[in-house]
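**Q** The following block contains a protein sequence and its predicted model.
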Amino acid sequence: MQWAEKPVKIIFTCERHAFQGARRYLSPGEVETARDDKGLLVRVIPLTCVGMAHPDLLGEALKAGASQVQIFGCPPEDCANREGNTWMQQRLERQRLPRLRREFEAAAISSDWVAPNRFLSAVSPDRRQSVASADSLAFS
């Protein structure tokens, strides 16, 4: 699959987020025109849980022509499938197998761990919840 004619942002998200917050990006009438605040076409790919995605899937999306790849999952300590958000974050940080390949460490891959009803605000956010576990949060 190639998207060379238009810049496309690919968002991998869990079913919980897809059903509650991503309907705008999944409805047949809007899927061809759904854009973020920067004008990028947005394609949402629902998964049972983002923790089930192999990190190579993210790299393959970039190789296929995506200009950006995002992973949206459950907020810290609230994963519907136990620890999928924490596992994916650890894979992106190359701390858990299977790891994100080194060639994609500096690529346009990001994660956001938000409540399903905050999906739309996370598509083009001013702030990010980039830590998947409350154990790693720092407060000042």
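**A** Right, received. Where do you want to start?
**Q** Pretty sure residue 59 sits against residue 105.
**A** No. Residue 59 sits out of contact with residue 105 when judged by C-beta atoms under 8 Å, with a separation of 10.5 Å. Bear in mind the C-beta positions are built from the backbone N, C-alpha and C, glycine included.
**Q** which of these two has more neighbours?
**A** Counted by other C-beta atoms under 10 Å, residue 59 and residue 105 do not tie: residue 59 has more neighbours, with 17 against 12.
**Q** residue contacts, the closest residue to that one other than its chain neighbours?
**A** Residue nearest to residue 59 in three dimensions, not counting chain neighbours: residue 104, with 4.7 Å by C-beta to C-beta, 6 or more residues apart in numbering. Residue 104 makes contact with 55, 58, 59, 62, according to C-beta atoms under 8 Å, 6 or more residues apart in numbering.
**Q** neighbours around the last one, how many?
**A** When neighbours are counted by other C-beta under 10 Å, residue 62 registers 17.
**Q** quick check, it in a strand?
**A** No. Per DSSP: H, G, I helix; E, B strand; the rest coil, residue 62 lies outside any strand segment and is helix.
**Q** per-residue pLDDT, it?
**A** pLDDT, residue 62: 96.
**Q** What ranges does the chain have for its strands?
**A** Secondary structure of the chain (DSSP state E): strands located at 8-14, 41-47, 68-73, 109-113.
**Q** Find the residue at the geometric middle of the chain.
**A** With distances taken as C-alpha atoms, centre = their mean, residue 71 lies nearest the centre of the chain, 1.2 Å away.
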